[in-house]
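**Student:** Could you look at this predicted model? Sequence included:
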Amino acid sequence: METKNEMSRGVVLWSVVVMMTAIVGGSRGEQCGRQAGGVVCPGGLCCSQYGWCGSTIDFCGQGCQSQCTPGGSDLSSIIPRNTFDQMLKHRNDGACPAHGFYTYDAFIAAAKAFPSFGNTGDTATRKREIGAFLGQTSHETTGGWASAPDGPYAWGYCFVREQNPSPYCSPSTQFPCAPGQQYYGRGPIQISWNYNYGACGRAIGVDLLNNPDLVATDPLISFKSAIWFWMTPQSPKPSCHDVITGLWTPSSADQAAGRLPGYGTVTNIINGGLECGIGQDSRVQDRIGFYKRYCDLLGVAYGNNLDCNSQRPFGNSLLLHPLISSPSSSSHR
């Protein structure tokens, strides 16, 4: 005959088994997030704080790393087609090498693979993130000039390939360069270097090491590469997404370095080694100009700390080189 203590232990053990079964049953089992080099879960599943994919509160709740609203999302309510076209007004101008490439439909479809993108926080925060993303990527791909029709900030997304590029091949056992391939800047964020193409390709499920030009020939993959960069932290840097949506809390070291929540720290993440902490810089001002125009079109306030003039750049990341090489700031075009 069981004693009362034995029965209690049995109930506790059974509860643990049921709980573990529920957790495992709600999981697809693929690793993701920082534990797997920034991999995003398939099918819009949430990536838990421990690096596992699933759709229950255990995965999508506290500590969730990415895609914390399972099942995908549509940004059309935040940025309708006509607003997108007004923002990137001259992207299809015949003088732009990328004319006809960057489509609204590709942008919306790519965003669905990263459901937290443009879907974190209140409506103002969501709009501000879209303005920041398009502002930064417009600077990277700009074809504008001071006296351009409609102003310099109506000419984002004019380029898809870096001009006068280098091969950007670095020795790597994990992501070795494929014969005959070059890993120069392509797409909205101008992703560069073989290890970045490898990590991005692994995250979005495309072999970009052997096919890097897909970033310049497939609009969906091109936008995914940029959003992947935007959503992926690279220690000691937070993700651009976390900074602009207010999810990032600066450490005491960040505060001492002048790195505070706002658009300026996003610039620091992207190209701080060249543009930040050197006082007034025309490249930083160009990024801000795009951002302000887009926020105005979206009807949202800019927020604080727009520049990084007094910020110290982040320390070295785990990568050997900056995650991207900006053609506009590196004088490649």
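**Tutor:** That came through fine.

**Student:** Please make it C-alpha for all contacts and neighbour counts, starting now.
**Tutor:** Fine.

**Student:** For the spatially closest residue to Trp145 that is not a sequence neighbour, give me its contacts.
**Tutor:** Excluding its sequence neighbours, the residue lying closest to Trp145 (CA to CA, 6 or more residues apart in numbering) is Pro152, at 5.0 Å. Under the criterion of CA atoms under 8 Å, 6 or more residues apart in numbering, the contact partners of Pro152 comprise 143-146.

**Student:** which regions of the protein sit below the pLDDT cut-off?
**Tutor:** Counting by pLDDT under 70, the chain has low-confidence residues at 1-30, 43-44, 57, 67, 69-73, 316-333.

**Student:** and with 50 instead?
**Tutor:** Judged against pLDDT under 50, the low-scoring parts of the chain cover residues 1-28, 71-72, 316-333.

**Student:** Now do the contacts for the most centrally placed residue in it.
**Tutor:** Closest to where the C-alpha atoms of the chain average out (CA atoms, centre = their mean) is Trp230, at 1.2 Å. By CA under 8 Å, 6+ apart, the contact list for Trp230 reads 133, 239-241.

**Student:** The same query, at a cut-off of 7 Å, please.
**Tutor:** Trp230 makes contact with 239-241 under the criterion CA atoms under 7 Å, 6 or more residues apart in numbering.

**Student:** about what we covered before: can you turn the buried part of the contacts of Pro152 into a PyMOL selection?
**Tutor:** To isolate the buried members of the contacts of Pro152 in PyMOL, using 16 or more other CA atoms under 10 Å:
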select buried, resi 143+144
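
**Student:** With distance to Pro261 added, can I get the contacts of Pro152 in JSON lines?
**Tutor:** What follows is those, written out as JSON lines (distance: CA to CA, whole Å):
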{"residue": "Gly143", "distance to Pro261": "29"}
{"residue": "Gly144", "distance to Pro261": "28"}
{"residue": "Trp145", "distance to Pro261": "29"}
{"residue": "Ala146", "distance to Pro261": "29"}
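
**Student:** closest to Phe175 among the contacts of Pro152?
**Tutor:** In terms of CA to CA, no member of these lies closer to Phe175 than Gly143, at 32.0 Å.

**Student:** Kindly reformat the contacts of Trp230 as TSV containing secondary structure.
**Tutor:** Compiled in TSV, those are given as follows (DSSP: H, G, I helix; E, B strand; the rest coil):
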residue	secondary structure
Ser239	coil
Cys240	helix
His241	helix
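
**Student:** Whichever of the residues you listed end up buried, select them in ChimeraX.
**Tutor:** Selecting in ChimeraX just the buried members of those, where the criterion is 16+ other CA under 10 Å, is done with this command:
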select :239,240,241
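
**Student:** gap between the two ends of stretch 225-245?
**Tutor:** 20 Å (CA to CA, to the nearest Å).

**Student:** for stretch 225-239, same thing?
**Tutor:** Distances were taken as CA to CA; on that basis the terminal residues of stretch 225-239 are 14 Å apart.

**Student:** can you pull the buried residues of stretch 231-245?
**Tutor:** Taking 16+ other CA under 10 Å as the basis for neighbour counts, the residues of stretch 231-245 that come out buried are 231-234, 237-245.

**Student:** Break down the chain into its strands, ranges please.
**Tutor:** With DSSP state E, the ranges of strands along the chain come out as 27-31, 46-47, 52-54.

**Student:** quick one: which of the contacts of Pro152 is nearest Gln49?
**Tutor:** Within the set of those, Gly143 lies nearest Gln49; the separation is 40.4 Å, counting by CA to CA.

**Student:** wait, doesn't that closest one sit right on Trp155?
**Tutor:** Yes. The criterion here is CA atoms under 7 Å, and Gly143 meets it with Trp155 at 5.4 Å.

**Student:** where do the helices sit along the stretch 51-200 of the chain?
**Tutor:** The residue ranges that make up the helices of the stretch 51-200 of the chain, judged by DSSP state H, counting those that start in this stretch, are 57-60, 81-87, 104-111, 123-140, 194-204.
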